[in-house]
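Asks: for reference, the sequence and a predicted model appear below.
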Amino acid sequence: MKKLLAILALSAALATPAAAHRAWVLPSATIVSGEGQWITVDAAVSNDLFYFEHFPLQLGGLFITQPDGTDGKAQNSATGRYRSTFDVELNKPGTWRIGVKNEGFFASYRLNGERKRARLKAEEIKTGIPAGATEVRLTETSGRNETFVTNGKPSEVKPIGQGLELIPITHPNNLVAGEKADFRFHIDGKPAANLEIELVPGGNRYRDALGDMKLKTDANGAFSVTFPNPGMYWLEASAEGKSSVPDVTRRVSYIATLEVLPQ
C-alpha cells in the first residue's frame, strides 16, 4: 500500500504542470475622470495572476510618466511580504504610463570553486567581477513592466524608442471584449518581427485551464487580438540579440497589464 501511494503521488506531481512566476503591476482603476483622482498600484510576483502569494515586486526601477511626457511621482510607497504598493495622484488629464523597469547586466562566474552571481550597471562591468574569476558569463537585460491609466480623455501613448516596447494602435484604455485591438512591438524603435507573445487573462486561480493565448507579430511588428472576455489581462514578450558590449547577449522583455471592458 505504501508503494502504491508513493507511485500515485509521483504520478500526480508529474501530471501537474509547473507553476510560472509572473511579475505584474495592477492599478486599482485604469479609467477615471475629474480632479482630485488617485489610484493605488499593487506590484508583485505570483503563480496566480493578480494574487499576492509569492514575492513583492521591488520598486527600485519605478517610473511614472505623465501625459505630457514628464516624470510623475509615487506617494505612500511600501513593500511588504507579498507585495509592493504605492499611490499616484492623477493631477493631469490624459494617459499615464506606470510601471517598473530593469536595465543592467547579469554576471555569472566561478571564484574559488564557487558559482557566483551579481547584477551590475554598465559602468561596473570592469570592476564588478573579481580578479581570478573564471567561466565568466555576462547578459545584458532591458525590461519594462507597465500599465496604462487614463484620467478623462485618452491621450497618445508616444514611443520611447528604447528596449522592447508596445506601440498601441488601439488605445490601451479603449479595449473592449469581442472587438479587435491592434498593436505593434518595437525593439529600440524598429519593428520587432516574428515576436512571440503570451496573453493570459486574470483569475486563473479559479480555472482548470490557464486560458492563455499565443500570438506572433508580422514582419512589421504588428499583431491583432480579439479579447474573448472582459477583465484584466497579462501580456508578455521577450527577445534576444547582440549587446553593444562585445561577446555579450542582450535580453529584452516587456510585460503589460491591460484592462478589457465589457461591451
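Replies: Right, received. Where do you want to start?

Asks: and Asp68, how close does it get to Val136?
Replies: 44 Å (C-beta to C-beta, to the nearest Å). For glycine as for every other residue, the C-beta is placed from the backbone atoms N, C-alpha and C.

Asks: same check on Glu123?
Replies: If you go by C-beta to C-beta, the gap between Glu123 and Val136 works out to 17 Å.

Asks: so for those two, which sits in the more crowded spot?
Replies: Neighbour totals were compared for Glu123 and Val136, and Val136 leads with 12 against 8 (other C-beta atoms under 10 Å).

Asks: host element of that one?
Replies: strand 134-151 (DSSP states H and E).

Asks: which strands and helices sit next to that strand?
Replies: If contacts are counted by 3 or more C-beta pairs under 8 Å, 6 or more residues apart in numbering; DSSP states H and E, strand 134-151 sits against strand 22-27, strand 31-32, strand 38-46, strand 94-111, strand 164-168, strand 249-260.

Asks: give me that answer again for 6 Å
Replies: strand 22-27, strand 94-111, strand 249-260 (3 or more C-beta pairs under 6 Å, 6 or more residues apart in numbering; DSSP states H and E).

Asks: can you redo the ones you listed as a markdown table with distance to Thr40 and mean neighbour count?
Replies: Converted to a markdown table, the helices and strands packed on strand 134-151 look like this (distance: least, C-beta to C-beta, whole Å; neighbours: other C-beta atoms under 10 Å):
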| stretch | distance to Thr40 | mean neighbour count |
| --- | --- | --- |
| strand 22-27 | 8 | 22 |
| strand 94-111 | 11 | 19 |
| strand 249-260 | 14 | 21 |
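
Asks: and of these, who's closest to Trp38?
Replies: In terms of C-beta to C-beta, the element of the helices and strands packed on strand 134-151 nearest to Trp38 is strand 22-27, at 10.7 Å.

Asks: what stretches of this structure score poorly on pLDDT?
Replies: Residue ranges of the chain with pLDDT under 70: 1-19.

Asks: try it again with 90
Replies: Applying pLDDT under 90 to the chain flags the ranges 1-21, 104, 106-107, 112-113, 116, 118-134, 136-138, 203-211, 241-248.

Asks: tell me the secondary structure of Glu123, please.
Replies: Assigned with DSSP: H, G, I helix; E, B strand; the rest coil, Glu123 falls in the helix class.

Asks: now the helices and strands packed on strand 134-151 in a markdown table, with distance to Pro201?
Replies: Listed next are the helices and strands packed on strand 134-151 as a markdown table, based on distance: least, C-beta to C-beta, whole Å:
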| stretch | distance to Pro201 |
| --- | --- |
| strand 22-27 | 12 |
| strand 94-111 | 20 |
| strand 249-260 | 8 |
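
Asks: among the ones you listed, which is nearest Ile167?
Replies: Among these, if distance is taken as C-beta to C-beta, the winner is strand 249-260, at 10.8 Å.

Asks: list the contacts of that closest one.
Replies: 24-26, 30, 139-147, 163-164, 166, 172, 175, 177, 227, 230, 232-233, 235-241, 243 (C-beta atoms under 6 Å, 6 or more residues apart in numbering).

Asks: could you turn the buried ones of these into a PyMOL selection?
Replies: Of the contacts of strand 249-260, the buried ones go into a single PyMOL selection, burial set by 16 or more other C-beta atoms under 10 Å:
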select buried, resi 24+25+26+30+140+141+142+143+144+145+146+147+163+164+166+172+175+227+230+232+233+235+236+237+238+239+243
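
Asks: could you give the angle of the helix or strand that Ala78 is a member of to strand 38-46?
Replies: Here Ala78, judged by DSSP H and E, is contained in strand 75-79. On the basis of axes from the mean of the first three to the mean of the last three C-alpha atoms, to 10 degrees, strand 75-79 is oriented at 20 degrees to strand 38-46.

Asks: measure Pro262 to Glu103 for me?
Replies: 37 Å.

Asks: I should have written Pro228 there, sorry.
Replies: 35 Å.
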